[in-house]
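Trainee: Got a sequence here, can you build the structure:
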Amino acid sequence: MLSIDRAGGTPWHRQLYDILRAYILQGRLVPSSPLPSTRALAEQLGIGRNTVIRAYDQLLSEGLIEARSGSGTRVAMLFHQPPSAVRGAPHSLRMSRRGEILARRAQPARSPGSVNVQPGVPESATFPFAIWTKLLARNARRRADDILGYEHFSGHSRLRAAIARYIGVARGVDCLPEQVIVVTGAQAGLDLAARTLIDDGDTVWMEEPGYLGARNAFLSSGAKLSPLRVSREGWRLDDHRLPRPDLIYVTPSCHWPLGSIMRMEERQRLLAIAEKSKAWIIEDDYDGEYRLRGRPIPALRGLDMSGRVIYVGTFGKTLFSSLRIGFIVVPRELSAAFDRAVSITGQFAPLILQCTLADFIEEGHFARHLRRMRRLYARRQEDFFELCSRQLGSWLSISHNDSGMQFMGKFTGQLNDELVASAALKRGVHVQPLSINFHATRPEHGLLLGFAALNELEMKRAVTRLRATFEDFERRLSR
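Mentor: All right, here's what the predicted structure looks like:
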């Protein structure tokens, strides 16, 4: 039952090898059964003998057949698994407990080609790609060991120094370059910090509502989560139901997803709680640069006198999402430990991109780009807020933020936001439901609306399609 596809693009010897290999591994050719001679098989198939010899030689080298003196070529003695094991029957496949936790976690959808109103997406149309490409090409031509080798697990020394200088001025974070650990985005930083600082059963105060990615990182590290309740009025640090923490996760510069900013007295109290409990604080400063009215508020890490705050930053929000470079700032005493942890987890970004980013920062392009984006995002926030309020006000109660790249709209009626988001996607608009950020309390329903990447035409298109989506729901509910 052998045949060669003479019109196909695969070489004939490869076709013959693939067929015989499959027959042997499936047990259709049993151990010790003889194979035709190369001359006989070539004549049967109408192909050259050398073609058959090449296929047989490959099978011999893999130990699937054996040539015995005086008895020709035979199938080798192999152990054959039962059919269910070969196919990987579902009941026989098992993951670890942490693997099962990871696999069950919810994940925000991605839909290329739609009008992207997802939160956290930066403007890319006006990014200075000509400058970036020039810097990237310059580094590629260098072909130096500091780019081509494995010399920097924690990040290239130039980029670590550039980040330390930048966040010292822009975010009030005083640190040495050796305290900066470069990783492949903020999520990688959260995962690395969780794995390095959390033991099974440790208590983590997790903001409620809060960032899904952080929650998943802590759960997969074996933590027990306790909800630190947050509202537009602030963080409930006086909640007596909270147990003593081993780690506290916060987004103080722009709470995710509410957009609240942590007041100074709350910051000081949080640091005191951490000191008393000997707990770590992870400060996720994902939108810290985008204070759209007034001056940016310094990071919580700048107030930390006891070295308990792990600072997490990302360039995916300030440059472009696919860059996949973020960083964490750790206490000086833990720098060596995190360097080893990064080498094990493999969460280090390509060095050629790191050097290009270092040049981009050092030559002043990053600071100029941020200034342009702050002005652009402030205008876009006002335009989109006004447009949504006017066109979608019957269904959404929209909150105005002083910082960030998105704002929140709560439903005024009884709608399920996941159903609304799914219906909007069918109309070509990609939004994130608010409810997926609630984990320990009754979820509120609404939409998180990102505006940073939308030009005027895209804003109008998105709002028109969202309005049509709401009107369609309204008609269905009135029947």
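Trainee: V30 and L41: what is the separation?
Mentor: 18 Å (CB to CB, to the nearest Å). From N, CA and C alone the C-beta is placed, and that goes for glycine too.
Trainee: of the two, who's got more company?
Mentor: L41 (21 against 12; other CB atoms under 10 Å).
Trainee: how deep is the residue lying closest to the more buried one once chain neighbours are set aside tucked in, by neighbour count?
Mentor: Leaving aside its chain neighbours, L41 sits nearest to V52 (5.0 Å; criterion: CB to CB, 6 or more residues apart in numbering). Neighbours of V52 under the rule other CB under 10 Å: 26.
Trainee: quick one: V52 is in a helix?
Mentor: Yes: assessed with DSSP: H, G, I helix; E, B strand; the rest coil, V52 lies in a helix.
Trainee: list the helices and strands the longest strand seen in the chain packs on?
Mentor: Longest strand in the chain, counting residues (DSSP state E): strand 224-231. Other elements packing on strand 224-231 under the criterion 3 or more CB pairs under 8 Å, 6 or more residues apart in numbering; DSSP states H and E are strand 203-208, helix 212-220, strand 247-250.
Trainee: Number of residues surrounding the residue nearest to P209 when sequence neighbours are not counted?
Mentor: Counting by CB to CB, 6+ apart, the nearest residue to P209 once its immediate chain neighbours are dropped is N437, at 4.1 Å. Residues lying near N437 (other CB under 10 Å) number 21.
Trainee: Go ahead and confirm N437 touches G210.
Mentor: Yes: assessed by CB atoms under 8 Å, N437 is found in contact with G210 at 6.3 Å.
Trainee: who touches both of those two?
Mentor: Common neighbours of N437 and G210, counting by CB atoms under 8 Å, 6 or more residues apart in numbering, are W256.
Trainee: What residues does the closest residue to M206 other than its chain neighbours make contact with?
Mentor: In space, M206 comes closest to L225 once its chain neighbours are excluded; the distance is 4.5 Å by CB to CB, 6+ apart. When contacts are counted by CB under 8 Å, 6+ apart, L225 touches 203-204, 206, 215, 218-219, 439-440.
Trainee: about what we covered before: render the CA-only coordinates of the longest strand of the chain in CSV, please.
Mentor: Coordinates of each C-alpha in strand 224-231 appear next as CSV, following Å, rounded to 0.1, in the frame of the first residue of the first chain:
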residue,chain,number,x,y,z
LYS,A,224,-3.4,32.9,49.2
LEU,A,225,-5.0,36.1,48.1
SER,A,226,-6.9,38.5,50.5
PRO,A,227,-8.9,41.3,48.9
LEU,A,228,-7.6,44.8,49.6
ARG,A,229,-10.8,46.8,48.7
VAL,A,230,-10.4,49.9,46.5
SER,A,231,-13.0,52.5,45.5
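Trainee: Show me which residues of that strand are buried.
Mentor: 225-230 (16 or more other CB atoms under 10 Å).
Trainee: same check, this time on stretch 184-199
Mentor: Buried residues in stretch 184-199, counted by 16+ other CB under 10 Å: 184-198.
Trainee: Closest one to N401 out of the residues you listed, please.
Mentor: A186 (19.4 Å; CB to CB).
Trainee: gap between that closest one and S403?
Mentor: A186 is 17 Å from S403, by CB to CB.
Trainee: now swap in R371 and tell me
Mentor: Distance of R371 to S403, computed by CB to CB: 15 Å.
Trainee: neighbour count winner among the two?
Mentor: More crowded of R371 and S403, by other CB under 10 Å: S403, with 22 against 10.
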